[in-house]
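Chemist: 3D model of this:
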Amino acid sequence: MRYWLMKTEPGEFGIDDLAARPGQTEPWDGVRNYQARNMMRDEMKQGDGVLFYHSNCDVPGVVGIAEIAREAYPDFTAFDPDNKHYDPASKPEAPRWFMVDVRFVRKLRRTIALSELRDRPELEGLALVRKANRLSVMPVSPDQWSFILSLE
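Modeler: Numbers count the residues shown, from 1 in each chain. Okay, the predicted model is just below:
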């Protein structure tokens, strides 16, 4: 089992949106970064843990836990010219972009803010706390996962 942190903007799709979906499951579409895509496509497995992170909001931070419910498959939003994630270079017969399905596990009792995570030497190697890191999907080590959840 591996662990991940996945960022989303709560104004677009937040933890409450995931909890309200049928089966509390939703495709994680629209990833348009090759490094994040490669992790989703090549490394994420069903059952992996996900720290659900809200970004671009008043208090960015970890707000919940989800899990990978379905392993990578072609991101169909890339094929739809009416979708904001459309990519004319991605074709169904040769997809460029992939997505996974995530399933809600639970909300945290409180938001564990990015500012709090940055101040923790235990998280020094966590990609999230590095300057200029813009990845929306990143690996989390088992020790980092346990430590972050211990802050709840």
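Chemist: Partner strands of the top strand by length along the chain, with direction?
Modeler: Scanning the chain for the strand with the most residues, using DSSP state E, yields strand 98-113. The sheet places strand 98-113 alongside strand 25-28 (antiparallel), strand 61-74 (antiparallel), with pairing taken from DSSP bridges.
Chemist: Just checking, which helix or strand succeeds the shortest one along the chain?
Modeler: Taking DSSP states H and E as the definition, the helix or strand that follows strand 25-28 towards the C-terminus is helix 34-42.
Chemist: And that following helix, what's buried?
Modeler: 36-37, 39-41 (16 or more other Cβ atoms under 10 Å). (Each C-beta comes from the backbone N, C-alpha and C, glycine too.)
Chemist: elements contacting it?
Modeler: Here helix 34-42 touches strand 61-74, strand 98-113, strand 137-140, going by 3 or more Cβ pairs under 8 Å, 6 or more residues apart in numbering; DSSP states H and E.
Chemist: Of all those, which one comes closest to residue 18?
Modeler: strand 98-113 (4.6 Å; Cβ to Cβ).
Chemist: That closest one to helix 34-42, inter-axis angle?
Modeler: 110 degrees (axes from the mean of the first three to the mean of the last three Cα atoms, to 10 degrees).
Chemist: Report the mean confidence score over strand 98-113.
Modeler: If you average the pLDDT over strand 98-113, you get 98.
Chemist: CA atoms only for it, dumped as PDB, please.
Modeler: The C-alpha trace of strand 98-113 is given here as PDB (Å, rounded to 0.1, in the frame of the first residue of the first chain):
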ATOM      1  CA  PHE A  98      -5.200   9.400 -17.200                       C
ATOM      2  CA  MET A  99      -7.300   9.600 -14.100                       C
ATOM      3  CA  VAL A 100      -8.100   7.400 -11.100                       C
ATOM      4  CA  ASP A 101     -11.300   7.100  -9.000                       C
ATOM      5  CA  VAL A 102     -11.100   8.300  -5.400                       C
ATOM      6  CA  ARG A 103     -13.400   7.200  -2.600                       C
ATOM      7  CA  PHE A 104     -14.200   9.200   0.500                       C
ATOM      8  CA  VAL A 105     -13.100   7.700   3.800                       C
ATOM      9  CA  ARG A 106     -13.600  10.500   6.300                       C
ATOM     10  CA  LYS A 107     -13.200  14.200   7.000                       C
ATOM     11  CA  LEU A 108     -10.500  15.100   9.500                       C
ATOM     12  CA  ARG A 109     -11.700  16.600  12.800                       C
ATOM     13  CA  ARG A 110      -9.800  19.800  11.800                       C
ATOM     14  CA  THR A 111      -7.900  21.200   8.900                       C
ATOM     15  CA  ILE A 112      -4.200  20.500   9.200                       C
ATOM     16  CA  ALA A 113      -2.900  23.700   7.700                       C
END
